[in-house]
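# requesting a structural model of the entry that follows:
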Amino acid sequence: MMVPDPVVRKYSFSDLPVKVEWLEKLLGYPEGETPEAIRDVISEIIEKAPDYADIQGGYVIPEDFEVLDNNNFRVNGLDFNSGKIITGSLRKSERLAFFLMTAGNGIENWSRELMSGGDPLGGYIVDLLGSEIVEAGMDHMQDELEREMEGQAMRISNRYSPGHCGWLVDEQQKLFSFFPDNFCGVSLMDSSLMLPIKSVSGIIGIGKDIKKKAYSCQVCDVEDCLYRDRKTVV
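From the prediction side, this is the model:
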């Protein structure tokens with residue numbers, strides 16, 4: 001069965017609601033207790049970030065989708081073992097969107113340059129910022145998908161990625177088969193690691209009766225995730 005061409009989205013850094021407060025939390029500072037010197041470093045990095053970020057992604061919505069059992073679903077004849085948590089969340093889906101999003105190579109190269117140049121704090125903050133850019137970019141694209149589906153009297157689910165909620169990361173190989181090679185500059189290694197590293201992939205359910213939770217941490221079993229309860233901050 002043919003796969004439709006992906007929808008492509010590109011964003012500028014100013015499109016995204018990247019928050020100083022979230023980076024402060026990731027650095028371990030309680031709200032309002034970040035030293036002024038650290039806040040200055042964060043602010044300077046955020047000011048320079050537009051010169052390094054290449055934020056782009058997209059999604060594809062194949063026609064054929066079915067839930068097979070409590071752990072598995074099938075898209076265009078290809079079976080995915082996503083585990084009970086994700087498969088259960090997709091049970092009322094009628095279609096599925098596969099997505100990719102990346103911050104580009106510039107952010108991680110910038111982080112490495114700072115690290116090797118004797119600025120480990122700056123390099124670490126840039127690394128955290130790269131992760132936040134990807135998540136904020138996905139938030140933006142997911143909101144756009146939601147509005148598009150509302151125009152078709154459809155709803156969307158939360159997004160889910162290989163490596164989370166019991167879904168093995170090597171299933172990313174199957175997910176990437178729905179996109180052209182090097183889509184938005186993202187490639188996949190044999191180990192299922194994405195390049196650029198600051199990239200994310202996954203799925204979103206679509207259907208008339210599906211429900212999107214306020215945030216997906218409540219269904220995820222990864223307790224030490226960097227982004228647990230991110231929505232309570234941003």
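
# longest helix anywhere in this structure?
Taking DSSP state H as the criterion, the chain has its longest helix at helix 120-150.

# can you list the weak-confidence ranges in the protein?
Within the chain, the stretches with pLDDT under 70 are 1-2, 215-234.

# follow-up on the earlier one: what packs against the longest helix of the chain?
With contacts taken as 3 or more CB pairs under 8 Å, 6 or more residues apart in numbering; DSSP states H and E, helix 120-150 sits against strand 7-11, helix 20-26, helix 36-48, strand 55-60, strand 95-102, helix 105-116, strand 155-160, strand 199-207. Bear in mind the C-beta positions are built from the backbone N, C-alpha and C, glycine included.

# make CSV from those and add distance to residue 72 and mean neighbour count to it.
Shown next, in CSV, are the helices and strands packed on helix 120-150 (distance: least, CB to CB, whole Å; neighbours: other CB atoms under 10 Å):
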stretch, distance to residue 72, mean neighbour count
strand 7-11, 26, 15
helix 20-26, 35, 19
helix 36-48, 42, 14
strand 55-60, 20, 23
strand 95-102, 13, 25
helix 105-116, 34, 17
strand 155-160, 14, 22
strand 199-207, 13, 24
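
# so what's residue 101 up against?
55, 56, 57, 134, 137, 138, 141, 184, 199, 200, 201 (CB atoms under 8 Å, 6 or more residues apart in numbering).

# nearest to residue 24, of those residues?
residue 134 (18.7 Å; CB to CB).

# contacting residues for the closest one?
101, 102, 103, 198, 199, 200.

# residue 155 contacts residue 148, correct?
No: using CB atoms under 8 Å, residue 155 is not in contact with residue 148, being 11.5 Å away.

# got a list of contacts for stretch 107-121?
Residues contacting stretch 107-121 (CB under 8 Å, 6+ apart): 38, 41, 49, 52-53, 122-124, 126-127, 129-130, 133, 196-198.

# contacting residues for the spatially most central residue of the chain?
For the chain, the residue nearest the mean C-alpha position is residue 200 (4.2 Å; CA atoms, centre = their mean). For residue 200, the contact set (CB under 8 Å, 6+ apart) comprises 99, 100, 101, 102, 134, 135, 138, 161, 194.

# please report how far the nearest residue to residue 111 once chain neighbours are set aside lies from residue 82.
Spatial nearest neighbour of residue 111, chain neighbours left out: residue 126 (4.1 Å); criterion: CB to CB, 6 or more residues apart in numbering. Applying CB to CB, to the nearest Å, the value for residue 126 to residue 82 is 32 Å.

# and residue 74, how many neighbours?
14 (other CB atoms under 10 Å).

# what helix or strand is it on?
Secondary structure from DSSP states H and E places residue 74 in strand 72-75.

# list the buried ones in that strand?
73, 75 (16 or more other CB atoms under 10 Å).

# same check, this time on stretch 206-215
Across stretch 206-215, burial judged by 16+ other CB under 10 Å covers 206, 207, 210, 212.

# show the contacting residues for the nearest residue to the second one once chain neighbours are set aside.
Nearest residue to residue 207, sequence neighbours excluded (CB to CB, 6+ apart): residue 94, at 4.1 Å. Under the criterion of CB under 8 Å, 6+ apart, the contact list for residue 94 reads 65, 154, 206, 207, 208.
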